[in-house]
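Visitor: return a 3D structure for these sequence lines:
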Amino acid sequence: MTKETKHMGTSQEHLIGGEVPLGKLDPLKLAMVPTFLGIFVYIGPGILWAALAQGSGELIWWPYLTAKYGAAFLGLLIPASLLQYWINLEIMRYSVLTGETPMTGFTRIGKWYAIIIVVGIFIENAWFGAYASAGGTALGSLTQFPPGWSPAGRALFWGYLTIGMYIIALTFGRVVYNVVEKFSMVIVVITVGGIVSALFQPKVYSAGSQFLPALVPHFSWPSNWDPSDLGILVTSIAYAGAGGFGQLFIGYWIRDKGVGMGKFMGRVTSPITGELEAIPATGLAFRDTLENKKNYKGWARYISAENGIGIFLNTLTTATMCWLAWALLMPEGKIPKGWEIAVVQSAFFEVAWGKIGRAIFLIVAAAFLCDAWLQLTDGFSRIWADFVYSNIKAGRKYHFRTWYYIFVAVFSVTTIFTMTLGQPGKLLMIRGICSFLAMSIFAPGLIYLNYYLIPKSFPQWVRPHPITRALMYICTACYVCMSLVYLYIVIGGPM
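Guide: Modelled structure (predicted):
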C-alpha cells in the first residue's frame, strides 16, 4: 500500500473534536473526509466481490438450470444480477460515510436487529464448507488421488487439504484483506480469460444466435419442471451475485482498503507477521464544509464505479457459463449434480483443448469454489467479531483481531463437520435458500440506515439521488415479495 493510502487506525490525529449522535450506539466522532486519490488507487473490493459471487451460482446452478430447462429461466439472469447493484451501493455508502461496518450499522438500529442478523448469518453459513468439498470434487476427478477412494472420499480429502492451506494463508499473511484480494484477483483473471476464450470454439459461438436472445428478460415455466428444483431456482436468484449475508462483506472490504472514512479505522492483520492496528468499535462523521463535500463526492463516484465493475464481471461470467452449458451440456443431457457437481462442466474447456483443457478447467473450478470458502470464512469472521465488538463491552477487553481469529477457528471447525452431512450440491442449495431469505431481512435495514438515520446526523448532500432511493425500494420489495412467495409455496402452496 502506498504511503498516501496508509491507514491511520493507530492515530487520533484525524479527529477534529466534537461528536454526532447516530442511533443506539455511542456517538460518532468528527473528522475531515479524507482526500480521494482516484479510482485506480482503490480498485479491488468490487473484483473481490465478483470472485465470491462466482463461487456456486455461476459455476453450478445457472449452468444446471440452463442444461436442464434451456431458455426457461435465462430471462431472470440479468434482472437478478442488477438487483444486487443497489443493495451493494447502500452497503458501501454506509461504510464510506461512517467508516463503520454494516453490522455496527445494524446495531445502531437496535441490538435486537443485530441479533437477528448474526443468528441468520450462523444458520446460513454452517453449510459453506460445501464450497471446499465441491472444489474437492474437481481436484479428486483431476488427480484420481487418493487411489482407490470413492468420489465422495476424494472430494472431502481435497476439501480438507484446501481448508488447511487457506487457514495458513489467513494466519501468516501480513494484512488479511490483501491476502484475500490478491488471491481472488488471480482467480478472476484466470476464470474470465478461460471461459471467454472457450466461446470462440465453433460449437459454442454457433449456438449464440439461439442463446443470446434467451437472455432478454422474460419468464416462462418449463413443461418438464421438477418441483424438487425450487430450492435450486431460488438459490440461483440469490447467487446471481454474492447472495445473502455475503453481500455485506463488501462493506468490510472497502473499509480495509482505506475507502472513505474507513481510512481511519484500522485493518485486521496477522498475529504472527503483522503489526497490530487499532480498530475502534464505532466510527466517524463530518461537518458540512465545501472540502468535505468535494471529497465525499469523489468517494461516491468511486463506489458506483467499483460496484459496477463487480456487477459487470459477475454478470459476464454467469452469462458465459450459461452459454457454454447451452452449447455443450444441454445437447448431451449432462447436468452438474452429486459428487460430480463441478466436474461435468470440464466440457467447457475440453471442447477447445482436449484433456489439457479438461485439466485446466478442473483446476479453475477448484480455485473458484475453494476461493469462495476463503472469502466466506474471512467475511463471516469479520461480521461476528464486529458483532461482539459493537454489542458486548466486555468483549472489547480483547482486540478485534483476536475475535476475528477465534471465529476463523469456529467457522473452520463447523464447516469441516457439516461437509460430511451431504453431497456438496445439497449443502450449497440449503445455504442458497438461506441466502435468498436473508436479502429480505437486511435490505430494509440498509434503507433505514441510509435514508432515515444518516440524514439526521450528516449534511443533506450525502443523500442519494431520488431515483437511486426509488430503485433501492423496488429491489428491497422484490426480495421481500419473492421470499414470501417462496415460503408460501414451501409451507403449503400450489407446488
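
Visitor: what bits of the stretch 201-350 of the chain have low per-residue confidence?
Guide: 239-242, 338-343 (pLDDT under 70).

Visitor: for the stretch 151-300 of the chain, what spans make up the strands?
Guide: 284-285 (DSSP state E, counting those that start in this stretch).

Visitor: neighbours around the closest residue to K293 other than its chain neighbours, how many?
Guide: The shortest distance from K293 to any non-neighbouring residue, by CB to CB, 6 or more residues apart in numbering, is to W461 (5.6 Å). To be clear about C-beta, it is placed using only N, CA and C from the backbone, and glycine gets the same treatment. Other residues near W461 come to 11 when the count uses other CB atoms under 10 Å.

Visitor: and the gap between W461 and L437?
Guide: According to CB to CB, to the nearest Å, W461 stands 35 Å off from L437.

Visitor: tell me what the longest strand out of those in the chain is packed against?
Guide: In the chain, assigned by DSSP state E, the strand with the most residues is strand 15-20. Strand 15-20 sits against strand 28-31, with contacts defined as 3 or more CB pairs under 8 Å, 6 or more residues apart in numbering; DSSP states H and E.

Visitor: following element in sequence after the strand it packs on, please.
Guide: helix 45-53 (DSSP states H and E).

Visitor: roughly how far is the helix or strand just after that next one from the heart of the chain?
Guide: Scanning forward in sequence from helix 45-53 by DSSP H and E, the next helix or strand is helix 62-69. Remark: helix 62-69 is offset 22 Å from the chain centroid, using CA atoms, centre = their mean, to the nearest Å.

Visitor: now what about helix 62-69, what contacts it?
Guide: 72-74, 77, 222, 224-226, 229, 232-233, 236, 239-240, 318, 321-322, 324-326, 329-330, 333-337, 345 (CB atoms under 8 Å, 6 or more residues apart in numbering).

Visitor: the closest residue to W353 other than its chain neighbours and L248, how far apart?
Guide: Of all residues not flanking W353 in the chain, I360 sits nearest, at 6.9 Å (CB to CB, 6+ apart). According to CB to CB, I360 and L248 sit 33 Å apart.

Visitor: biggest helix in this protein, by residue count?
Guide: The longest helix of the chain (DSSP state H) is helix 347-391.

Visitor: next SSE downstream of it?
Guide: That would be, after helix 347-391 and using DSSP H and E, helix 400-418.

Visitor: list the buried residues for that following helix?
Guide: 400-401, 403-405, 407-408, 411-412, 414-416, 418 (16 or more other CB atoms under 10 Å).

Visitor: let's have those residues in a markdown table, adding distance to G379.
Guide: Listed next are the buried residues of helix 400-418 as a markdown table, based on distance: CB to CB, whole Å:
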| residue | distance to G379 |
| --- | --- |
| F400 | 15 |
| R401 | 15 |
| W403 | 14 |
| Y404 | 11 |
| Y405 | 14 |
| F407 | 10 |
| V408 | 11 |
| F411 | 10 |
| S412 | 14 |
| T414 | 15 |
| T415 | 13 |
| I416 | 18 |
| T418 | 17 |
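
Visitor: so who does A169 touch?
Guide: Neighbour list for A169: 179, 183, 374 [criterion: CB under 8 Å, 6+ apart].

Visitor: among those residues, name the buried ones.
Guide: 179, 183, 374.

Visitor: how near is the first one to D371?
Guide: Yep, that's V179 we're talking about. V179 is 12 Å from D371, by CB to CB.

Visitor: do the same with L25
Guide: For L25 relative to D371 (CB to CB), the value is 34 Å.

Visitor: those two: who's more crowded?
Guide: D371 (26 against 20).

Visitor: model confidence for the more buried one, exactly?
Guide: What the model reports as pLDDT for D371 is 72.

Visitor: wait, isn't it in contact with I187?
Guide: Yes: D371 lies in contact with I187 (CB atoms under 8 Å); the separation is 4.9 Å.

Visitor: now for the two: what residues contact both?
Guide: A51.

Visitor: tell me the one among the contacts of A169 nearest to W61.
Guide: L374 (20.2 Å; CB to CB).

Visitor: list the contacts of F348.
Guide: Contacts for F348 (CB under 8 Å, 6+ apart) come out as 195, 198, 321, 324-325, 328, 361.

Visitor: turn those residues into JSON lines, columns for distance to W112.
Guide: Listed next are those as JSON lines, based on distance: CB to CB, whole Å:
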{"residue": "I195", "distance to W112": "44"}
{"residue": "A198", "distance to W112": "49"}
{"residue": "M321", "distance to W112": "40"}
{"residue": "L324", "distance to W112": "46"}
{"residue": "A325", "distance to W112": "43"}
{"residue": "L328", "distance to W112": "50"}
{"residue": "F361", "distance to W112": "47"}
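
Visitor: among the residues you listed, name the ones in helices.
Guide: Short answer: these in helices (DSSP H) are 195, 198, 321, 324, 361.

Visitor: the last one contacts Q345, correct?
Guide: Yes: with contact defined as CB under 8 Å, F361 and Q345 form a contacting pair (6.7 Å).

Visitor: for W326, which non-adjacent residue is closest in space?
Guide: F211 (4.7 Å).

Visitor: and if you look at T35?
Guide: Spatial nearest neighbour of T35, chain neighbours left out: N295 (5.7 Å); criterion: CB to CB, 6+ apart.

Visitor: good, we can wrap up now.
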